[in-house]
Structures are given as C-alpha cells and as structure tokens.
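Q: Sharing a model that was predicted from the sequence below.
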Amino acid sequence: ALYFCGYNDNHALIQRSRFTNNASEGPGGALVAQCNARMTIEESLIANNRARGAGGVWASCSKNDCKTDERRVVIRASSIVDNDATETDSIGGGLWAGAPVALQAVTIARNRAYYGGAIAGSPNVWAKDVLIVDNEIVNPYGTSRGCGKDGLGKAQGVLEWPQVERTQFDGPCQTGGAEGDPKLGELSDNGGPTQTCALGADSEAIGKGTACEGNDQRGKPRKTPCDIGAYQTP
C-alpha cells in the first residue's frame, strides 16, 4: 500500500487511516519504512494484508544512528490484525522490526507467519500497553509464535495470549507481563474512523495499562486506569 524511503531522516505521519487487503511479493504488505525513514502511525488499522516478509509493517534502516534511535518508527493507538506472512521462511506476521520501533497502546492479533507470528526483530521493539493475541506460526518446528526466543527489547504492560513458555527456541514477549484471556472481539465498527477489536466485559486487559496518556484508536481518551491495547472500554 505505501512505501517510504526516508532519505535524510525524512518523516512520514499517518493518522486515522486504514490499510486493508493489500499484497506484496516482497516485504511489507501494508507499509514499508525503509532507508533511514522516520514514520509515525496513529489511530489507524492495518488488517488483512499479505507479504513474503512482514504481512503488516516492515521497518528497516542502514545508518548506525538510525539503529540506536528507540523511536525511529512509532505506532500508537493502532491495530495490526489478520495479516499474513506464511510463505516458507517469511518473518513477522504483523511487524518486522529491522529498525527500532516503539509501540504504545497497540493491538497485534491473529496474524500468521512462518516465523514470528506477531513480531520479528523483537529485540528492536519498545512496547507499552501492547496486546498480543492469538498470533500463529506455520513452521514445522513450532517456534517463534509471538515474539521469538529473545522477547521484546523493552516492555511494560504487555499482555500476550495464549502465554508462550520459555524453551531453547521460544519465549514470552515480556517476562512477568500481564496474564489472562483478554477476551478480544473481532474487528467491527465500535465508533471512530476505523474498525477496532473490543474487549469483553471480563477481559484481563481492562484496567491493566501503565501509560494512560492520549487517545485510543477511536479517538476516545484513555482513562486512568487504562486498558491494554488499542481499544479503551467506556
């Protein structure tokens, strides 16, 4: 859908937008931030996209200072849902972080990949109040379902479901993160400019957020205590 090569640290701002049903024979079914791009994605939906690498978002950079900038690509109050990178050896159903990526109040759900059903390149990801739910892998080894064996580089208030046990080749996205079934609904019109996945009444994501500033994906204020993910319950 969108390819952005950010020479000289150029910045792209994407707000209240929908990227659905796109396909790429290369990386990034929905969005590619490449070269040394800065990109901010806010209150947006990335769903049902397909690619050979990163069904949803592909982020990469080449300069050393790009590789050490924790907020090179920022995704906030957005949903990355039902994306596909299942061709053999493809990585990152929802996101591939070859550049540093910051996630805040994001829902990453029901994505599929050969490796890294939710996120590949997870050590480059800084995450706050992120919901990682029902992502799948198709490799014959049964590894790297969510974030791979190394987990997220920095994590606060991350709820992963189902939980991933630590093995030689796999592990949880956040050690000691929130636990329990978030009772995440399907994508639907819950108000706002794009579809969202609502939380069920007894969701374990309700009230477990840690960074409660800003709005949710629909533009509704994230109250205190706030919820984990892109949807804030009334």
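A: Good, I have the coordinates. Please read these numbers as outputs of a predicted model, since none were measured by experiment.

Q: Start and end of stretch 186-198, how far apart?
A: For stretch 186-198, the first-to-last residue distance is 7 Å (C-alpha to C-alpha, to the nearest Å).

Q: And the worst-scoring helix or strand of the chain on mean pLDDT, what's buried?
A: Within the chain, no helix or strand scores below helix 64-67, which has a mean of 77 by mean pLDDT, DSSP states H and E. Residues of helix 64-67 classed as buried: residue 66 (neighbour count, 16 or more other C-beta atoms under 10 Å). Every C-beta, even on glycine, is put in place using the N, C-alpha and C of the backbone.

Q: ok, so what distance separates residue 142 from residue 167?
A: Distance of residue 142 to residue 167, given as C-beta to C-beta, to the nearest Å: 9 Å.

Q: Now do stretch 43-63: distance to the chain's middle.
A: Relative to the centre of its chain, stretch 43-63 is centred 9 Å away, using C-alpha atoms, centre = their mean, to the nearest Å.

Q: That stretch: which residues count as buried?
A: 43-61.

Q: what's around residue 77, how many residues?
A: A count of neighbours around residue 77, defined by other C-beta atoms under 10 Å, yields 29.

Q: ok now do it, which residues does it touch?
A: 42, 43, 104, 105, 106, 214, 215, 216, 217, 222, 230 (C-beta atoms under 8 Å, 6 or more residues apart in numbering).

Q: can we see that at 7 Å?
A: Applying C-beta atoms under 7 Å, 6 or more residues apart in numbering to residue 77 gives the contacts 42, 43, 105, 214, 215, 216, 217, 230.

Q: Quick check: the fifth one vs residue 78, distance?
A: Same thing as residue 215. With distances taken as C-beta to C-beta, residue 215 is found 11 Å from residue 78.

Q: higher neighbour count, these two?
A: The neighbour comparison of residue 215 against residue 78 (other C-beta under 10 Å) goes to residue 78, with 31 against 16.

Q: That one reaches residue 230, doesn't it?
A: Yes. Residue 78 lies in contact with residue 230 (C-beta atoms under 7 Å); the separation is 5.8 Å.

Q: now residue 123, nearest residue through space, not along the chain?
A: Once flanking residues are discounted, residue 123 sits nearest to residue 153: 4.6 Å by C-beta to C-beta, 6 or more residues apart in numbering.

Q: Among the contacts of residue 77, which one sits closest to residue 193?
A: In terms of C-beta to C-beta, no member of these lies closer to residue 193 than residue 43, at 7.4 Å.

Q: wait, doesn't the closest one sit right on residue 78?
A: Yes. Checked against C-beta under 7 Å, the pair residue 43 and residue 78 is within contact range at 6.4 Å.
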